[in-house]
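**Q** Okay, sequence plus prediction incoming.
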Amino acid sequence: MAQVIPRTMRKLVASRLSQKFREVVEIKEVPVPSPGDGEVLIKNKFVGINATEINFTAGRYDPNVKPPLDIGFEGMGEVVGVGSNTKLKPGQPVMYMSYGAFAEYKIVPARAVIPLPSLSAAYIPFLVSGMTASIALEKVGDLKSGETVLITAAAGGTGQFAVQWAKQAGCHVIGTCSTPEKVEFLKKIGCDRPINYKTENLRSVLKSEYPKGVDIIYESIGGDIFETCIDSLAVKGRLIVIGFIEGYKSDLGFTPSRTIATLPVKLLKKSASVRGFFLEHFRRDTPMYATKMIDMYNKGTLKSFVDLGETSEKGKFSGLLGISDAVDYLYSQKSIGKIVVDLDATSSKL
């Protein structure tokens, strides 16, 4: 039976530019759009939460952007409407990456959606988080079997996949985290040496246990962690910067690094390199990697962990109103796996 599509829907927008997500977002009621040629209308079920949500609301990706901004990067739901020239049918579960995902309904080009076997929340981490890990390690990090790989924030949304991807490539994997529970989680997904940096000194552990250094570092924290990572690179080592979350909440958006002045010398002495990765620049690779990860998950060779907030202070993240809670939770460092919001449910306050 075809779904009845309402005339209006709700979406989350940023009313002004700021990294203070909760303060600048609000819900707007707008007409439900109709899909055009080559487009589909998706009724969202789940949306994924990323650390960089606050960079987007701060306007850091495009200095010319003007509010109000449609926000959210990734969604999953069911096709409820189709335009001409598309093979997708109503009722098909799909997921997608597109700005403005924090909405009850979303128009997406049919060529940009990924068909799914079911509406399982476990698939949505393969989008931004999973593809960042897999593509960055292979395309930018030149991942090779037998290497030593360090993953910072290893128990997070993208860290969980970086650990598994490097391990399946035949590497020795080190992962940083901040709680005993996360240490156990990392062991469960195959991490050889979890390091709780709250109870162990990361620099000391790396120096004593890995005296030859680390071949690849998948880095998302910045600040002091970044500096420690630079100093811990092996000869011909590669450090992949996928983020610098420690500074996102600041007005600058990053934490000034003391090591920048000496970085050329440090890299030259080891023939090492620092390489940046931004998923948007690798759009051509995303369909292949997404399909591969879904297939691996279905075969049981890749695990996907989501955190819907059931153990958070406010309970499960639900509805558009739960998105701000989910963003706050991400920055609390309490989550394990990918934070996901269930849009089908409701919550009481923003």
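**A** On my side now, so go ahead.

**Q** Go through this structure and flag its longest helix.
**A** The longest helix of the chain (DSSP state H) is helix 286-299.

**Q** Could you list every helix and strand in contact with that helix?
**A** strand 114-115, helix 128-135 (3 or more Cβ pairs under 8 Å, 6 or more residues apart in numbering; DSSP states H and E). In this view, the C-beta of every residue, glycine as well, is placed from N, C-alpha and C.

**Q** try 6 Å
**A** Contacts defined by 3 or more Cβ pairs under 6 Å, 6 or more residues apart in numbering; DSSP states H and E place helix 286-299 against helix 128-135.

**Q** hmm, who's touching the helix or strand following the helix it packs on?
**A** Later in the chain than helix 128-135, the nearest helix or strand by DSSP states H and E is strand 148-151. Strand 148-151 is contacted from outside by 159, 162-163, 166, 171-175, 214-218, using Cβ atoms under 6 Å, 6 or more residues apart in numbering.

**Q** buried stuff in the helix or strand encompassing residue 326?
**A** Residue 326 is part of helix 323-331, with elements assigned from DSSP H and E. Across helix 323-331, burial judged by 16 or more other Cβ atoms under 10 Å covers 323, 324, 325, 326, 327, 329, 330.

**Q** tell me the contacts of the last one?
**A** Spelled out, it's residue 330. Contacts of residue 330 (Cβ under 6 Å, 6+ apart): 49, 339.

**Q** tell me the domain ranges of this structure?
**A** 8-119+305-342, 129-279 (automatic domain parsing).

**Q** coming back round to it: what are the buried residues along the longest helix of the chain?
**A** Within helix 286-299, the residues that qualify as buried are 286, 289, 290, 293, 294, 296, 297, counting by 16+ other Cβ under 10 Å.

**Q** Report pLDDT for the second one.
**A** What it means is residue 289. Per-residue pLDDT puts residue 289 at 96.

**Q** hang on, residue 181 in a helix?
**A** Yes - Residue 181 sits within a helix when classified using DSSP: H, G, I helix; E, B strand; the rest coil.

**Q** Let me know the distance separating the residue sitting nearest the centre point of the chain from residue 261.
**A** Central residue of the chain (Cα atoms, centre = their mean): residue 129, 3.4 Å from the mean position. From residue 129 across to residue 261, the span is 33 Å (Cβ to Cβ, to the nearest Å).

**Q** what do you get for residue 63?
**A** In terms of Cβ to Cβ, residue 63 sits 27 Å off from residue 261.

**Q** and the gap between the closest residue to residue 162 other than its chain neighbours and residue 119?
**A** Leaving aside its chain neighbours, residue 162 sits nearest to residue 133 (4.0 Å; criterion: Cβ to Cβ, 6 or more residues apart in numbering). Distance check for residue 133 against residue 119: by Cβ to Cβ, it reads 23 Å.

**Q** ok, back up a step: what angle do the longest helix of the chain and helix 128-135 make?
**A** With axes from the mean of the first three to the mean of the last three Cα atoms, to 10 degrees defining the directions, helix 286-299 sits at 100 degrees from helix 128-135.

**Q** Which pair of the contacts of strand 148-151 spans the longest distance?
**A** 159 and 215 (17.5 Å; Cβ to Cβ).

**Q** Look at the two and report which has more neighbours.
**A** The neighbour count for residue 159 versus residue 215, taken as other Cβ atoms under 10 Å, is higher for residue 159 (28 against 24).

**Q** which residues in the stretch 1-150 of the chain form helices?
**A** If DSSP state H, counting those that start in this stretch is used as the criterion, the helices of the stretch 1-150 of the chain fall at 21-24, 53-57, 128-135.

**Q** I would like the residues contacting the helix or strand following the longest helix of the chain, please.
**A** For helix 286-299, the following helix or strand on the C-terminal side (DSSP H and E) is strand 306-307. With contacts defined as Cβ under 6 Å, 6+ apart, strand 306-307 is touched by 121, 335, 336, 337, 338, 339, 340.

**Q** And the helices in the stretch 201-350 of the chain?
**A** Assigned by DSSP H, counting those that start in this stretch, the helices in the stretch 201-350 of the chain fall at 202-209, 223-231, 263-270, 286-299, 323-331.

**Q** Which of these sits closest to residue 69?
**A** helix 323-331 (13.8 Å).

**Q** just how off-centre is that closest one within its chain?
**A** Centroid separation for helix 323-331 versus its chain: 13 Å, with Cα atoms, centre = their mean, to the nearest Å.

**Q** now do stretch 119-131
**A** 9 Å.

**Q** First-to-last residue distance for that stretch?
**A** Start to finish, the residues bounding stretch 119-131 are 19 Å apart (Cα to Cα, to the nearest Å).

**Q** what does that stretch contact?
**A** With contacts defined as Cβ under 6 Å, 6+ apart, stretch 119-131 is touched by 45-46, 48, 50, 73-74, 76, 93, 95, 97, 116, 157-158, 161, 286, 289-290, 293, 304, 306, 338, 340.

**Q** Over to stretch 14-30?
**A** 8, 10-13, 54, 57-59, 67-69, 71, 249, 320, 324, 327.

**Q** Are any of those buried, and if so which?
**A** 10-13, 54, 57-59, 69, 71, 320, 324, 327.
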